[in-house]
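Asks: Structure here, sequence nowhere to be found:
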């Protein structure tokens, strides 16, 4: 299984097809449990970095997408969502153009996040909100494309080093240690405010 996932992750077309095979249960979880919780923290005009096939874009109005995968961006546009292609970790948006930014299960795929985190700072307004979600231990271990594991402490450390202040940490779907080692969907979420 890991070899199959690895080959999918390295091929943009195959990864696009892989995301389109999401389960109905997974979609319902996102639509009725995850996104309502995340939406509490998102403000105004929002950028979804790593928007994939646009699940959050379809859920939340005034949300725009960005992804490194051209297939994902083209799909989102074909569905009527606004999405742009990220090239060389540079976001194709003006300075201070978003009230909030979300990176949900994206950061762990990036070996050196310095460029993208500086880009998040650049596109956020002063006091803008940054929501970051990363997988727990089990979810991290089963995806060979994951490059950096973030514990709660490490997540706070890296994000605050880029000029953000921690507002809240929480786990999804529930805050139970047992789930960290047994549930792929278990994630740590941090809500941060930009200090400009």
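Replies: Yes, it's here. Remember, predicted model here, so these are calculated numbers, not experimental data.

Asks: ok, which stretches of this structure are helices?
Replies: For the chain, the helices defined by DSSP state H cover 2-9, 12-19, 24-29, 35-39, 55-59, 70-78, 114-123, 137-141, 152-160, 177-180.

Asks: Just name the most buried of those.
Replies: Among the helices of the chain, helix 55-59 has the highest mean neighbour count (mean count of other CB atoms under 10 Å), at a mean of 20. Glycine gets a C-beta too; all of them are placed from N, C-alpha and C.

Asks: re earlier: between the helices of the chain, which one is nearest to residue 167?
Replies: Of all the helices of the chain, helix 152-160 sits nearest to residue 167, with 10.7 Å by CB to CB.

Asks: quick one on the thing from earlier: possible to save the helices of the chain as JSON lines with distance to residue 98 and mean pLDDT?
Replies: As requested, the helices of the chain are exported to JSON lines (distance: least, CB to CB, whole Å; pLDDT from 0 to 100):
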{"stretch": "helix 2-9", "distance to residue 98": "27", "mean pLDDT": "37"}
{"stretch": "helix 12-19", "distance to residue 98": "24", "mean pLDDT": "77"}
{"stretch": "helix 24-29", "distance to residue 98": "26", "mean pLDDT": "85"}
{"stretch": "helix 35-39", "distance to residue 98": "15", "mean pLDDT": "97"}
{"stretch": "helix 55-59", "distance to residue 98": "14", "mean pLDDT": "96"}
{"stretch": "helix 70-78", "distance to residue 98": "17", "mean pLDDT": "96"}
{"stretch": "helix 114-123", "distance to residue 98": "5", "mean pLDDT": "97"}
{"stretch": "helix 137-141", "distance to residue 98": "27", "mean pLDDT": "94"}
{"stretch": "helix 152-160", "distance to residue 98": "16", "mean pLDDT": "98"}
{"stretch": "helix 177-180", "distance to residue 98": "31", "mean pLDDT": "88"}
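
Asks: I'd like those written out as JSON lines, with distance to residue 88 added.
Replies: Formatted as JSON lines, the helices of the chain follow (distance: least, CB to CB, whole Å):
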{"stretch": "helix 2-9", "distance to residue 88": "19"}
{"stretch": "helix 12-19", "distance to residue 88": "15"}
{"stretch": "helix 24-29", "distance to residue 88": "31"}
{"stretch": "helix 35-39", "distance to residue 88": "28"}
{"stretch": "helix 55-59", "distance to residue 88": "23"}
{"stretch": "helix 70-78", "distance to residue 88": "14"}
{"stretch": "helix 114-123", "distance to residue 88": "8"}
{"stretch": "helix 137-141", "distance to residue 88": "25"}
{"stretch": "helix 152-160", "distance to residue 88": "21"}
{"stretch": "helix 177-180", "distance to residue 88": "34"}
